[in-house]
Structure formats: C-alpha cells, structure tokens
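Student: Give me a model of this one.
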Amino acid sequence: FQLSFLFGQKSDPYNPIISAIEIQGLEKTKQYILEREIQHPLNIPLDSILTEQDRDRLENLGIFSEVRWSTVLLEDGSAQLNFQVIESISLFPIFSPVYNEEMGWFLILGTRLNNFRGRNEKLTMRGIFGNVSAYDMIFKNPWIIGDHVSMAFDFSKKIFEHYFLPYRQQIQVFEINIGRYFGYKRRITAGIELGKKEYFGQVDTTDFYYFSPEFSAVYDSRDIYNDPSKGIYILYYGNNYWYLNSPETESTINWIQSYSVYYSPLKGKRKTTLGFNLKIVSTRGFRNEFWLGSLGGVNTIRGWRIPTRKIYNDQTQSYRFGYLRVISSLEIRQTIIPKYAYQSPSYFGPIKSELGLQTAFFIDMGIAGNDWEDFNEGIPMVGFGLGIRIPIAISGNVRLDYGWSFYNGRYMEKSLLFGLGQKF
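Tutor: This is a model prediction of the structure:
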C-alpha cells in the first residue's frame, strides 16, 4: 500500500517517521552532490521546514529546472521522503551574438558546461569576436574537498574600447580563489590575481603589471538565490593592486560592501516580494582616470544609459563619475507566471530549461564623488521604472528594465536596458 502526499500540504495531520530518503530524476548528476545538501535526519517525524530548506538548497545548486518533494507511506507505517528533480541543460554550445552595454555587440563562440562531470562544476571555454576580441577559460567547483571548500580559476584576455575614456584597453588576467562555507549562511573566499592592463590612446600608451590579493566575506540567509522570498545578503569584498613595473607607486585598494534584504508579504507561487539594496564602492591609494567609476546603466542606476566619451569630455554630467559611489535600489517584484521546467528538441539534443515571467517596479538612487566630503553637497541621481524577468537555465534570468531618469528635479532621459540575472 502506497500513498503519496504532495508538496505544499503542510496542514495535513499526517506526520510519519522518515525511514528512507530517495532522489529521483537524476541523469548526469552524481547522487552524492545532492545527498550532501540534504540535512533531514532519518528515523524522526517528517519536518516540513527542514525539507523545504533541503529543497531550496538543491534548487540553489543552479543545475535543476525544477525540484519537488513528496512522501510515500511504506508497509511498516514509516515513510520514504522523495526528492524529484529535473536537470537543466548541462552542455551549452555557444554561437550567438551578445550585447553588453559597456562593450557593444560581439559574437561568442565556445561552450559552457554547467554541470561538468555531473559534479556541479562549471567550465567555460570561449572566444569573443566583434567590438571585443577575447578568449577565456573559467572553472568553478563549489565543493571540491572537505566541508564546503570551493575553488575557482579564470584565465582570460580581452581587448575592447573603454566606454567613456578615449582608450582601447587590453586586459590579461590569471585569477585563482579558494573559499569555504561555515554552515550554510557564511562564506569566506581568498585568492590572488596576476594581470596586465594596457591602455592605448591616440597619443599615449599606459600599461601596468600587477599582483592583487583579494578577499571576500558573505552572509547569506536567502531561501532561493535567483528569486528570494526572504532573507538577507551581505557582501564585503576587497583587493589590493600592487604594481610590479612601478614599485615606487602606492598600491590601489578597491573595496565593495553590499547589503540586501528581501521580504514577501504575499506568498505562494505568484508571490509579491519587496527587495532593498545598498551598495558602496570605493577606490583608495594610487588613483588615476583608469580607476574612475561611473553611474548609469542596468547594474547601477536604471533609467540612465551608461555615460559616453562625449559626456565624460564635456563635463556637463561630471557628477556621474568618481572613485567613490553609493547606490541604493528598491524593487517590488510580482510573479505572473511561476517558473516551470520545459524541454525542446535541438540539433545538439534536448534542451532542458525553465520559463516563467516576473514583473518589477524599481527606484534607484546614487551619488558619486572623489572623497566622502563630496557627498555633503552632492545631489543624487534618480531613476525609476518597470521591468520584466524571464527565468532561463544557467544565467538565472533575462532582465529588461525601462526607466526614466532625473537629476536635481529635472527630467534627463529614458532608456530600455538589458541584463542577465537580478540587479541584487
């Protein structure tokens, strides 16, 4: 005799002893990748809160289009806890045009393995042609040894036009990072970066070789990384550029801190979520124009396009540039079509992904300057508007944001911006 109790029926009085746990639907993924994320003990009554947390951790692996759970009553009166998964596409051949607001249009040729060797490893090898000439190889393993010890490395070379400085820049980088989780909410990562940056202008050329140790600390209590309903995300990240070909030059320190909080007043499949983010970016030590940052664009203040060389040169919007930047964002996200898994045929075999639809209302504010004292008299840039998010495999979701921008009470411009992943 078997009786299934579907996910979500928390009010059902049935509360059996869980004597077995089974994972269903695996094709390429190694079973131990999931087993190490499942924390529900055996031989205790079903705990739906623990089971939900296990389900969330499996979805956060980023290799499944759908994760569900159910229980099956066994003959001895105990129950088996089943996790049913649908794997997303793991081998993704890349041959497509891509648009980036800082670099323009370019063509990517290569491949991305999102679940390499069935071990949740990510391997990307690609060449880039067009406005950008580049190649890179990126490898990530979120749990390579021990207890949640991760490793990632990146070897890349890029040549492209700087979007607001009158230079063509070339960047070569080798980077390696080792990280570790402490529990499921705290993570520390440390690594090194070796690189060379060259800037080619019409009358001058600048280059520097550097060695840069880097460090990050994260606190993350979000339930679902790509579309959280609740939780807090805090990031501290810093790196220190030591110049190898100019030993007398002071080093450059970059520092980023970001605080995000999420809450869903209306829960369920068609949930409403409120999200707020505060981000502070600063550059200290040796600074020149190559270290300048800017405000405007899909990842800073929406409604504003990224600044151009013309804007930078005529200085009419000098308030958009600085070595220090503070950005805040508020979003109200509404799920219209809950995410669901689908499969479609292709020349390379069946493509397994996910679809859905989410709308968002956003308000962004930000201010830039060269020193903290500049903020005392600074006027914030403001942008607000509407957007949609469409979940897709590997990248998380496609984001389109249409907004209007204002400065000092005056309307400036409107823009439609494209991005991948949530802004925060």
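Student: Can you dump the C-alpha atoms of the helix or strand in which residue 282 is found in PDB for me?
Tutor: Using DSSP states H and E, the element containing residue 282 is strand 272-285. C-alpha atoms of strand 272-285 as PDB (Å, rounded to 0.1, in the frame of the first residue of the first chain):
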ATOM      1  CA  THR A 272       5.000  39.600  -4.300                       C
ATOM      2  CA  THR A 273       8.500  40.400  -3.000                       C
ATOM      3  CA  LEU A 274      10.000  43.600  -1.700                       C
ATOM      4  CA  GLY A 275      13.700  44.000  -2.000                       C
ATOM      5  CA  PHE A 276      16.100  46.700  -0.900                       C
ATOM      6  CA  ASN A 277      19.900  47.000  -1.600                       C
ATOM      7  CA  LEU A 278      22.600  49.500  -0.500                       C
ATOM      8  CA  LYS A 279      26.000  49.200  -2.300                       C
ATOM      9  CA  ILE A 280      29.100  51.200  -1.500                       C
ATOM     10  CA  VAL A 281      32.100  51.100  -3.900                       C
ATOM     11  CA  SER A 282      35.400  52.900  -3.100                       C
ATOM     12  CA  THR A 283      38.900  53.200  -4.500                       C
ATOM     13  CA  ARG A 284      41.800  54.300  -2.300                       C
ATOM     14  CA  GLY A 285      45.500  54.800  -2.600                       C
END
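Student: Residue 294 and residue 307 touch, don't they?
Tutor: Yes - taking contacts as C-beta atoms under 8 Å, residue 294 lies within contact range of residue 307: 5.1 Å. For glycine as for every other residue, the C-beta is placed from the backbone atoms N, C-alpha and C.
Student: who touches both of those two?
Tutor: 164, 320-321 (C-beta atoms under 8 Å, 6 or more residues apart in numbering).
Student: quick one: which of those is most hemmed in?
Tutor: residue 320 (24 neighbours; other C-beta atoms under 10 Å).
Student: The strand holding residue 282 pairs with which strands, and in what direction?
Tutor: Next to strand 272-285 in the sheet, as set by DSSP bridges, lie strand 252-266 (antiparallel), strand 324-344 (antiparallel).
Student: list the buried ones in it?
Tutor: By 16 or more other C-beta atoms under 10 Å, the buried positions in strand 272-285 come out as 273, 275, 277, 279, 281-284.
Student: got it, and stretch 77-88?
Tutor: 79-83, 85-88.
Student: From those residues, pick the one nearest residue 200.
Tutor: residue 88 (40.9 Å; C-beta to C-beta).
Student: Quick check on residue 294 and residue 307: which one has the bigger neighbour count.
Tutor: residue 294 (21 against 18).
Student: And what about residue 89, helix, strand or coil?
Tutor: coil (DSSP: H, G, I helix; E, B strand; the rest coil).
Student: how many other residues sit next to residue 232?
Tutor: 15.
Student: Verify the stated contact: it with residue 221.
Tutor: Yes - if you go by C-beta under 8 Å, residue 232 and residue 221 touch, sitting 5.0 Å apart.
Student: Now render the strands paired with strand 272-285 as TSV, adding mean neighbour count and mean pLDDT.
Tutor: Below are the strands paired with strand 272-285 laid out as TSV (neighbours: other C-beta atoms under 10 Å; pLDDT from 0 to 100):
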stretch	mean neighbour count	mean pLDDT
strand 252-266	17	97
strand 324-344	17	93
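Student: Surely residue 265 and residue 229 touch.
Tutor: No - contact criterion C-beta under 8 Å: residue 265 and residue 229 do not qualify, at 10.1 Å.
Student: ok, for residue 95, nearest residue in space, not its chain neighbours?
Tutor: residue 109 (5.5 Å; C-beta to C-beta, 6 or more residues apart in numbering).
Student: Let me fix that, I meant to ask about residue 65.
Tutor: Excluding its sequence neighbours, the residue lying closest to residue 65 (C-beta to C-beta, 6+ apart) is residue 341, at 3.6 Å.
Student: From residue 422, how far off is the one you found?
Tutor: For residue 341, the distance to residue 422 (C-beta to C-beta, to the nearest Å) stands at 20 Å.
Student: now do residue 94
Tutor: From residue 94 to residue 422 the distance is 22 Å (C-beta to C-beta).
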